[in-house]
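Student: Output the structure for:
(2 chains)
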Protein chains: 2
Amino acid sequence: MSLTLDTQQQSARTWFEQLRDSICAEFTAIEREAGSNAAFEFIKWERTEEDGSDGGGGVRGVMKGKVFEKVGVNVSTVGGTFNPEFAASINGAEQDPRFFATGISLVAHMANPHVPAVHMNTRFLATTKRWFGGGADLNPPIPYAADTEEFHAAYRAACAPYGPEVYEKYKKWADDYFYIPHRNCHRGVGGIFYDHLEIENDTAFDRHFHFTRDIGQTFLDTYPTLVRKRMDQDFSEAEKLAQLKWRGRYAEFNLIYDRGTLFGLKTGGNIDAILMSLPPEAIWE
Amino acid sequence: MSLTLDTQQQSARTWFEQLRDSICAEFTAIEREAGSNAAFEFIKWERTEEDGSDGGGGVRGVMKGKVFEKVGVNVSTVGGTFNPEFAASINGAEQDPRFFATGISLVAHMANPHVPAVHMNTRFLATTKRWFGGGADLNPPIPYAADTEEFHAAYRAACAPYGPEVYEKYKKWADDYFYIPHRNCHRGVGGIFYDHLEIENDTAFDRHFHFTRDIGQTFLDTYPTLVRKRMDQDFSEAEKLAQLKWRGRYAEFNLIYDRGTLFGLKTGGNIDAILMSLPPEAIWE
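Tutor: Modelled structure (predicted):
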């Protein structure tokens, strides 16, 4: 990749890649504990601008294991020029369509229906403006109040240093976002969702970058605990079927409503990386 | 249902219900030939207008058998008032938002990956204008040129009495419509798609109704033949997996692009009837 990154862009990218490596190591360790030799397969992909120039790319990591039926971790670092129609809808790109984006996105669909599925994504964008965004949300096919509380408590604690209202605001944003109108239900039990933490100055970069690192670190500290707690729990055929049916709802949300998915599909992104979030198997009755 | 139907509306509705009965009888006969006792389950659903008045309803028929892994046949007869925003986008409803619609829609997902999946839908709509629309298209996970040709030949013959250009025009319409831009491929091997066959006078009603009946009858004369030809063909585990993966594409098309699905989801239709088209099982790698 020949994109030239400035200091902020490089710092963000390096963190997302480090976080990816830590998460993959932890998830692989869980597979070992379950007696499986599953490993992540990493596939590089490159992005070319319409004029043929280098548009960056990414690495898509996928593991299909005994505990993680399918987990995808994608780190992408891309840059170029939005098409004019699209630029008009993007913060800071209305006048100048050049952009840069780096981020990590992760979705895990679990073999055991008692173990919650999960989604986590954090990103740094630069147009004429710069900002961080992201979040994490828990998607249990069979919800347990204790797990939900543990996940939310971790993010409540992660948000606390940044202001008393931060957690409630971002929790509500997740509740509003991860909603399936045609089913009149939420995709999961929520988490946090934030966007447009704008970098007006270097202090703001440090603060928002720190917050984004905390969100990622909290994921790493919390989710594996939930997985280990439930991964050996017995499940029935009926519970597995309920999970597969529940995954149909998950696919519906991602294909009909998710802005990231539509963004990717409509701007010619890497299909396999964009649709990595879809469940390995789903049923509709 | 207390909707009052005029002669045209009643004639169309009666035909769609007769066609449904003939198709269900034929599909059930195929299950018997395969030694299965599978039967259609019919579920009535009702639609209520926002003001609480009767909005019609329908019957959703589903069979899960040995040959038909899942086949859904929905006949609905609904009427009422479009919301103003939606009315603006519908032929003849711009000034007067009242509407009536009756139609049959069918999707079959087959157990054997050598047997093509299929979709067929015909409908009669009335706003201040009246028209027929519909079509049928073949969706083989493993395409066979002979089956594709047999299906298209039947529709070519069905269209021929209505003008030399009719088949080519409606075939192209299906090719344009059943396309998945983000995968750069078609959903299946096509068929025909038509819409807005407007009723300017009673002669037009008779002609367009006759055409719509021919399209339905052609389906009944053709698709069961294709099923019987392939239903006993051996298949490998790899071929079944290829089918499940192919069904992921089918779900993507229906959830992202299909106008009928989005129409239903965004106007508060019966969810189970709208999403009847989704595959019983799909995988994403």
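
Student: Quick check: the residue of the stretch 101-250 of chain A nearest chain B.
Tutor: Distances from the stretch 101-250 of chain A to chain B, computed as C-beta to the nearest C-beta, single out residue A:182 as the nearest residue at 4.3 Å. In this view, the C-beta of every residue, glycine as well, is placed from N, C-alpha and C.

Student: I'd guessed that residue sits against residue B:270; true?
Tutor: No: the pair residue A:182 / residue B:270 is not scored as a contact, 10.6 Å apart, by C-beta atoms under 8 Å.

Student: Roughly how far does residue A:259 sit from chain B?
Tutor: With distances defined as C-beta to the nearest C-beta, to the nearest Å, the gap from residue A:259 to chain B amounts to 13 Å.

Student: Give me the phi and psi angles of that residue.
Tutor: Phi and psi for residue A:259, reported as degrees, to the nearest 10, are phi -70, psi -40.

Student: same thing with residue A:69?
Tutor: phi -60, psi -40.

Student: which element is the closest residue to residue A:279 other than its chain neighbours on?
Tutor: Leaving out its chain neighbours, the residue that sits closest to residue A:279 by C-beta to C-beta, 6 or more residues apart in numbering or on different chains is residue A:247, at 3.9 Å. Secondary structure assigned from DSSP states H and E places residue A:247 in helix A:237-256.

Student: show me the residues around residue A:156 that make contact.
Tutor: Residue A:156 makes contacts with residue A:167, as judged by C-beta atoms under 8 Å, 6 or more residues apart in numbering or on different chains.

Student: pretty sure it is in a strand, no?
Tutor: No: checked against DSSP: H, G, I helix; E, B strand; the rest coil, residue A:156 lies outside a strand; its state is helix.

Student: how near is it to residue B:47?
Tutor: Distance, residue A:156 to residue B:47, by C-beta to C-beta, to the nearest Å: 43 Å.

Student: Helices along chain A, start to end?
Tutor: Defined through DSSP state H, the helices belonging to chain A, from first to last, are A:7-33, A:84-87, A:145-159, A:166-177, A:202-230, A:237-256, A:259-266, A:271-274.

Student: For the first one, buried residues please.
Tutor: By neighbour count, and taking 16 or more other C-beta atoms under 10 Å in any protein chain shown as the criterion, the buried residues in helix A:7-33 are A:8-9, A:11-13, A:15-16, A:19-20, A:23-24, A:27-28, A:30-31.

Student: how close does residue A:142 get to residue A:243?
Tutor: 7 Å.

Student: nope, residue A:27 is what I meant
Tutor: The spacing between residue A:27 and residue A:243, counted by C-beta to C-beta, is 19 Å.

Student: For residue A:42, list each beta-bridge partner.
Tutor: residue A:61 (DSSP bridges).

Student: residue contacts, it?
Tutor: Taking C-beta under 8 Å, 6+ apart as the criterion, residue A:42 is in contact with A:59-61.

Student: at 10 Å instead, please
Tutor: Under the criterion of C-beta atoms under 10 Å, 6 or more residues apart in numbering or on different chains, the neighbours of residue A:42 are A:20, A:24, A:59-63, A:73, A:75.

Student: How about residue A:61?
Tutor: Residue A:61 makes contacts with A:20-21, A:23-24, A:27, A:39-43, A:71-75, A:106, A:276, as judged by C-beta under 10 Å, 6+ apart.

Student: Could you give the number of residues near the residue lying closest to residue A:256 once chain neighbours are set aside?
Tutor: What sits nearest to residue A:256 in space, not counting adjacent residues and going by C-beta to C-beta, 6+ apart, is residue B:255, at 5.3 Å. The local packing count at residue B:255 equals 21, with neighbours defined by other C-beta atoms under 10 Å in any protein chain shown.

Student: For the stretch 1-150 of chain A, just list every one of the strands.
Tutor: In the stretch 1-150 of chain A, the segments counted as strands under DSSP state E, counting those that start in this stretch are A:41-48, A:54-63, A:68-81, A:98-110, A:117-126, A:130-139.

Student: Can you lay out these as TSV showing mean pLDDT and distance to residue A:210?
Tutor: Shown next, in TSV, are the strands of the stretch 1-150 of chain A (pLDDT from 0 to 100; distance: least, C-beta to C-beta, whole Å):
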stretch	mean pLDDT	distance to residue A:210
strand A:41-48	92	28
strand A:54-63	93	24
strand A:68-81	94	19
strand A:98-110	95	16
strand A:117-126	97	12
strand A:130-139	97	10
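
Student: Including distance to residue B:128, could the ones you listed go into TSV?
Tutor: Converted to TSV, the strands of the stretch 1-150 of chain A look like this (distance: least, C-beta to C-beta, whole Å):
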stretch	distance to residue B:128
strand A:41-48	49
strand A:54-63	50
strand A:68-81	46
strand A:98-110	47
strand A:117-126	47
strand A:130-139	46
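
Student: Between those strands, which one is closest to residue A:176.
Tutor: For the strands of the stretch 1-150 of chain A, proximity to residue A:176 was assessed by C-beta to C-beta; strand A:130-139 is nearest, at 11.8 Å.

Student: Near chain B, which residues of the stretch 151-285 of chain A? Just list them.
Tutor: Listed as neighbours of chain B in the stretch 151-285 of chain A under the rule C-beta under 10 Å from any C-beta of the partner chain: A:180-184, A:244, A:247-248, A:251-257, A:261-262, A:264-266, A:268-269, A:271-272, A:274-285.

Student: Could you list the low-pLDDT ranges of chain A?
Tutor: A:1-2, A:266-268 (pLDDT under 70).

Student: Provide a list of residues in contact with residue A:233.
Tutor: Neighbour list for residue A:233: A:112-115, A:142, A:144, A:239 [criterion: C-beta under 10 Å, 6+ apart].

Student: Need phi/psi at it.
Tutor: Taking degrees, to the nearest 10, you get phi -70, psi 130 for the backbone angles of residue A:233.

Student: now residue A:82
Tutor: Dihedral angles for residue A:82 - degrees, to the nearest 10 - are phi -70, psi 150.
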